[in-house]
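Q: mind looking at a prediction? Sequence and model below.
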Amino acid sequence: MKRLLSVLAGIGLVLAGCSSNPDASSTGFFNNYFVDPFVIAIKMVAEAFGDNYGIAIIIITLAIRFVLLPLMLKMYKNSQEMRIKMEAVKPEMNDIQSRLKEAKTQEEKQEIQAEMMKLYKTHDINPMNMGCLPILIQMPIFMGVYYAIRGSEEIATHSFLWFNLGEADVTMALIAGLLYFIQYRVSLIGVSADQQKQMKLVGLLSPIMILLISFSAPSALPLYWAVGGLFLIIQTLISKRLYSQTI
């Protein structure tokens with residue numbers, strides 16, 4: 001489930017990066033309720049800091065991450081609890097999966113599948129109860145922020161630190177990609193070697209795509225991703241400290 005959600009998030013990121021800037025005059029449910037509010041919020045914060053849109057992007061990104069933090073911690077807790085339960089029944093599960101592969105008839109397969117469901121029920125295991133809701137909630141929110149930043153003419157005409165927010169910047173692209181790679185490495189702390197192998201391909205998807213997109217995107221976007229990536233590193237460490245058996 002976690003791998004599927006990561007793939008979906010990666011696909012959303014690719015589609016966002018390849019899409020054109022939304023028209024400021026466009027209408028629709030997503031634009032009205034997810035994009036426009038963030039456009040207004042970014043402008044208000046920027047005005048409060050002397051038209052500093054870089055500071056505004058940082059503040060808005062951190063504010064959203066802090067609001068979603070309890071949901072993300074709950075997701076991680078549920079995931080860890082389910083992982084512990086799955087580890088406890090792994091020998092039985094391996095036996096069932098082995099017999100399922102060797103089953104010759106449909107009736108045999110159904111009987112073995114029923115045995116697997118009984119094992120799940122006995123140990124209170126629900127593979128779908130991995131905290132999917134926080135992921136589903138945050139995706140439209142972060143996509144709304146993405147389009148608010150990408151489609152803002154005000155942001156595009158301002159500078160922050162050493163770069164123009166409306167132009168691509170190699171340094172910011174590298175920083176954003178590096179931070180998400182670090183976050184991926186941090187997520188592997190305390191994870192078994194087998195699980196690390198399973199997570200490798202999906203785990204590298206986000207930093208690679210962010211890096212590639214950031215090379216040609218307005219630098220306001222890698223700034224947004226860099227702040228989010230740094231927050232995720234801290235969030236992951238907190239999650240592991242609170243809920244992991246080892247860190």
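A: Everything's here; your move.

Q: wait, residue 218 sits on residue 156?
A: Yes - proximity of residue 218 to residue 156 meets the contact threshold set by Cβ atoms under 8 Å, at 6.2 Å. Quick note: C-beta positions are derived from backbone N, CA and C, even for glycine.

Q: name the next helix or strand following the longest helix anywhere in the chain along the chain.
A: Secondary structure of the chain per DSSP state H: the longest helix is helix 53-88. Next along the chain after helix 53-88, taking DSSP states H and E as the criterion, comes helix 90-102.

Q: residues of that next one that come out buried?
A: 93, 96 (16 or more other Cβ atoms under 10 Å).

Q: packing partners for it?
A: Judged by 3 or more Cβ pairs under 8 Å, 6 or more residues apart in numbering; DSSP states H and E, the packing partners of helix 90-102 are helix 106-122.

Q: alpha carbons of the helix it packs on, as PDB, please.
A: C-alpha atoms of helix 106-122 as PDB (Å, rounded to 0.1, in the frame of the first residue of the first chain):
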ATOM      1  CA  GLN A 106      -9.500 -22.800  -8.200                       C
ATOM      2  CA  GLU A 107     -11.000 -24.600  -5.200                       C
ATOM      3  CA  GLU A 108      -7.600 -25.100  -3.700                       C
ATOM      4  CA  LYS A 109      -6.700 -21.400  -4.200                       C
ATOM      5  CA  GLN A 110     -10.000 -20.300  -2.600                       C
ATOM      6  CA  GLU A 111      -9.400 -22.500   0.400                       C
ATOM      7  CA  ILE A 112      -5.900 -21.200   0.900                       C
ATOM      8  CA  GLN A 113      -7.000 -17.600   0.400                       C
ATOM      9  CA  ALA A 114      -9.700 -18.200   3.000                       C
ATOM     10  CA  GLU A 115      -7.000 -19.500   5.300                       C
ATOM     11  CA  MET A 116      -5.000 -16.200   4.700                       C
ATOM     12  CA  MET A 117      -8.100 -14.100   5.500                       C
ATOM     13  CA  LYS A 118      -8.600 -16.100   8.700                       C
ATOM     14  CA  LEU A 119      -4.900 -15.500   9.700                       C
ATOM     15  CA  TYR A 120      -5.400 -11.700   9.100                       C
ATOM     16  CA  LYS A 121      -8.600 -11.700  11.200                       C
ATOM     17  CA  THR A 122      -6.900 -13.700  14.100                       C
END
